[in-house]
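>>> Whatever this is, show me its structure:
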Amino acid sequence: MKTMHSFFMILLSVSLFSIPVQGQKKGNAIKPNIIIFYVDDLGWQDTQLNNLDEPSPWDTPNITKLANEGINFTNAYSPAPTCAPSRAATLTGLHPTKTGVTHVSGGSIPEPTGRSNYLAPFYPAGIMPENFTIAEALKMNGYKTGHVGKWHVGGLNIQKSTNQGFDFAYESRGAHQGPKGDVTRLTEFATHASNDRYQLSTEKYPPFTKDAPNGISYPKDMVTEKALEFITKSKDEPFFLYLAHWLVHAPIHTKNKELLQYYCDKLGIDFPTKNIPIKTGGQTNPFYGSMVTTLDWSLGRVVDLLKKTDDPRNPGKKLYETTYIIFSSDNGGVEKANGDIVTDNFPLDQGKKYAQEGGIRVPMVIAGPNIPKGKTKDVLINQLDFFPTLLNITDSKIPAEYSSELDGLDISNVLFNNESVVKNNKGETRQDLWWHFPHNTDTQMQSAIRSGDYKLYKNHIKGNYELYRLYKNGKRADLEEKFDIAKENPKVVKDLSTRLEKYLKDYNAQYPYKSPVTPKRGTALENVDAIPVINSDTFDAATRKVVVTLEKGKSNVIEGYALIKIANKGSRKGKHSTTFIKAPVEASKNNLEFTFTAPKDIIEYGVILIDENRFMVKSKFHPLEVANTVKKNKKNRKNKKNNNH
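Okay, here's the model as predicted:
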């Protein structure tokens, strides 16, 4: 599919389209620069942007300054409550149900977990060549594209960032690299030594303390350095930088001893001397505070470079004046990790891996040319909106087949015209946002819809709906989501559930399935005796045809597919070099025989069947010894050669 992309500018130029830029003033750079500064696991309450009740103790002066120079969106959301689906959605502009990436660590055989009778549906490990990314779109329109930091939307070569539209990529962890072996988070602080890979800076930065009135040093972070390098080398042409920080994801640690001491002093606690988890509640983890402020420092470094660097394409202007910066997080804050209490999303309920507000509401600031300064807006925004909005403000053109699939909306009217609602290309006001997360525990397997003051949940295991009123006429009401008011508001439930169900149906959302295996100390589900039974499972090596037949007299199969494992060329092992993908199967008229032809280059296959009671039945998964066959043939040729001599 990527080769097809390369022909688009020639073969499909007639069908290219662009949306006229709304509200942009004349005299701007024809092609402004774009930076998406994407954070990992930063909670809505982890910065000084959205302080409710108890102010955040973490210093984020650069994030605050950016908000003062742009718009802070207080009702901004990620596409999903976990990393990979949000990243895939943001990069492609497609809802997670459309990419199929609805959780992290996909591309594996569905298995039940814990004590649940249910298991999540299969989902891919990341985006594939047929997906069209914002990087490809901007590159097609003359942009230099760079990715620095975390990728996490596919480990195969065909899924790499440099095969998804990025000219440049640096994806190591930098100073986020966690301690290993005997090294702990208390023994690996950076120093000023020249041979220290995380050598402390000679420059001083906030915070300012009695002991360091001019500021403190920061460890060298190659993620930040490579971002600065990309900007410097790309400034002669319009550039797009997707700076996806590894911060503030676990492991919760810092290499900055001086910053850790600062937070211990600020929180009124002793400097840790034992490498044990931080168990104090709320926002009292000094390691995490150090990570948040280090992230803020990184943003400050980027903005400072933009402010001091002349824009070669726009004489008399600095890069900062011709660059749009989008700051946000891939999901809500993680409240616990590896024994630590990390943060507290209160008053938002729950956190990462939950469809509740704490899992999907995120900080978001957008600043750039002609965007008003110091504004705060409560309009509903989703990161899916980035793609169509950036197409607009860069006056970029892409094939209609991709533009028509985008699930977000262009928010230019809000950014430039000071409007308070987002509208689609028909002028209709956005009514709602929705999410789908059929993963983890029974209670986490939910879909949700936010509309105005209300938020409704569908619980997939219980089959019921919950309704909460977050606001009342725009003012805070039950932001904590404590009071389920579904019974008292049947009309609202009917309206929102109807809309949510339509989304789920239209997007072919995949739901949790029943496991045929009853967990230990669990209760067997109904209709277990009727679960289909596989009679035979054959593979013809000559034709590569797979045939799975079922026993008669069991429940009817209503869905089936094969899972086939593919790999990087020459590699057959490793979770990042192999993955399962779906392949169609053909059912016989009586639904008792299922067939498919296994492609030549796969290394394993199996068949998944779903019966009318939603039980998932799996055939055995069979390895195809491609690598061994190759080795055997080489050995035979070598032996034959030796015998000839």
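>>> Which residues are in contact with F37?
Listed by Cβ atoms under 8 Å, 6 or more residues apart in numbering, the contact set of F37 reads L243, H245, L299, V302, I325, I326, F327, S328. All C-beta spots, glycine's among them, are computed from the backbone N, C-alpha and C.
>>> Go through those residues and single out the one with the most neighbours.
When the contacts of F37 are compared by neighbour count (other Cβ atoms under 10 Å), H245 ends up highest, at 29 neighbours.
>>> Determine the longest helix present in this structure.
Looking across the chain with DSSP state H, the single longest helix is helix 286-308.
>>> buried sites along that one?
Within helix 286-308, the residues that count as buried by 16 or more other Cβ atoms under 10 Å are 286-303, 305-306.
>>> send the alpha carbons of that helix over as PDB?
Listed next in PDB are the C-alpha coordinates belonging to helix 286-308 (Å, rounded to 0.1, in the frame of the first residue of the first chain):
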ATOM      1  CA  PRO A 286       8.600  13.200  44.700                       C
ATOM      2  CA  PHE A 287       9.900  10.900  42.000                       C
ATOM      3  CA  TYR A 288       6.800  11.500  39.900                       C
ATOM      4  CA  GLY A 289       6.900  15.300  40.600                       C
ATOM      5  CA  SER A 290      10.500  15.300  39.300                       C
ATOM      6  CA  MET A 291       9.300  13.500  36.100                       C
ATOM      7  CA  VAL A 292       6.500  16.100  35.500                       C
ATOM      8  CA  THR A 293       8.900  19.000  36.000                       C
ATOM      9  CA  THR A 294      11.500  17.400  33.700                       C
ATOM     10  CA  LEU A 295       8.800  17.000  31.100                       C
ATOM     11  CA  ASP A 296       8.000  20.700  31.500                       C
ATOM     12  CA  TRP A 297      11.800  21.500  31.200                       C
ATOM     13  CA  SER A 298      11.900  19.600  27.900                       C
ATOM     14  CA  LEU A 299       8.900  21.700  26.500                       C
ATOM     15  CA  GLY A 300      10.700  24.800  27.700                       C
ATOM     16  CA  ARG A 301      13.900  23.800  25.800                       C
ATOM     17  CA  VAL A 302      11.900  23.400  22.600                       C
ATOM     18  CA  VAL A 303      10.000  26.700  22.900                       C
ATOM     19  CA  ASP A 304      13.200  28.600  23.800                       C
ATOM     20  CA  LEU A 305      14.900  27.300  20.600                       C
ATOM     21  CA  LEU A 306      11.900  28.400  18.500                       C
ATOM     22  CA  LYS A 307      11.900  31.800  20.100                       C
ATOM     23  CA  LYS A 308      15.600  32.500  19.500                       C
END
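>>> Now do that helix: which elements does it pack against?
Helices and strands touching helix 286-308, by 3 or more Cβ pairs under 8 Å, 6 or more residues apart in numbering; DSSP states H and E, are strand 33-39, helix 61-68, helix 222-234, helix 257-267, strand 323-329.
>>> Where does the prediction get shaky in this structure?
Filtered on pLDDT under 70, the chain yields the residue ranges 1-29, 571-575, 625-645.
>>> Kindly recompute the last result at 50.
Applying pLDDT under 50 to the chain picks out residues 1-29, 626-638, 640-645.
>>> could you pull out the helices for the chain?
So, for the chain - with DSSP H - the helices run 2-11, 61-68, 83-92, 96-99, 134-140, 222-234, 257-267, 286-308, 357-360, 386-393, 400-403, 412-417, 490-506, 626-644.
>>> got CSV for these, with distance to E586 too?
Below are the helices of the chain laid out as CSV (distance: least, Cβ to Cβ, whole Å):
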stretch, distance to E586
helix 2-11, 27
helix 61-68, 54
helix 83-92, 29
helix 96-99, 25
helix 134-140, 34
helix 222-234, 48
helix 257-267, 61
helix 286-308, 51
helix 357-360, 39
helix 386-393, 36
helix 400-403, 28
helix 412-417, 47
helix 490-506, 25
helix 626-644, 24
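>>> what's the closest of these to P599?
Across these, P599 has its closest neighbour in helix 626-644 (10.9 Å, Cβ to Cβ).
>>> if we can go back for a sec, orientation of the longest helix of the chain relative to strand 33-39 in degrees?
Here the directions of helix 286-308 and strand 33-39 differ by 180 degrees (axes from the mean of the first three to the mean of the last three Cα atoms, to 10 degrees).
>>> what's the spacing between the spatially closest residue to G300 that is not a sequence neighbour and A175?
In this structure, G300 finds its nearest non-sequential neighbour in N62, 3.6 Å apart by Cβ to Cβ, 6 or more residues apart in numbering. Distance, N62 to A175, using Cβ to Cβ, to the nearest Å: 17 Å.
>>> Determine the longest strand present in the chain.
Using DSSP state E, we find that the single longest strand of the chain is strand 557-567.
>>> Now do that one: distance to the chain's middle.
25 Å (Cα atoms, centre = their mean, to the nearest Å).
>>> For it, name the packing helices and strands.
Going by 3+ Cβ pairs under 8 Å, 6+ apart, strand 557-567 lies up against strand 578-584, strand 593-597, strand 604-611.
>>> re earlier: could I get the helices and strands packed on helix 286-308 in TSV, plus columns for distance to K144?
Below are the helices and strands packed on helix 286-308 laid out as TSV (distance: least, Cβ to Cβ, whole Å):
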stretch	distance to K144
strand 33-39	9
helix 61-68	23
helix 222-234	4
helix 257-267	34
strand 323-329	13
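>>> what's the burial count for R476?
11.
>>> what separates it from L348, distance-wise?
Taken as Cβ to Cβ, the span from R476 to L348 is 12 Å.
>>> before we move on, back to that, wait, which of the helices of the chain is closest to D432?
Between D432 and the helices of the chain, the shortest separation by Cβ to Cβ is 6.3 Å, and it involves helix 490-506.
>>> which residues are contacting the closest one?
So helix 490-506 is contacted by 97, 431-432, 434, 436, 447-449, 451, 454, 456, 458, 465, 467, 486, 509 (Cβ under 8 Å, 6+ apart).
>>> Quick one: end-to-end distance for stretch 328-340.
Start-to-end span of stretch 328-340 (Cα to Cα, to the nearest Å) is 24 Å.
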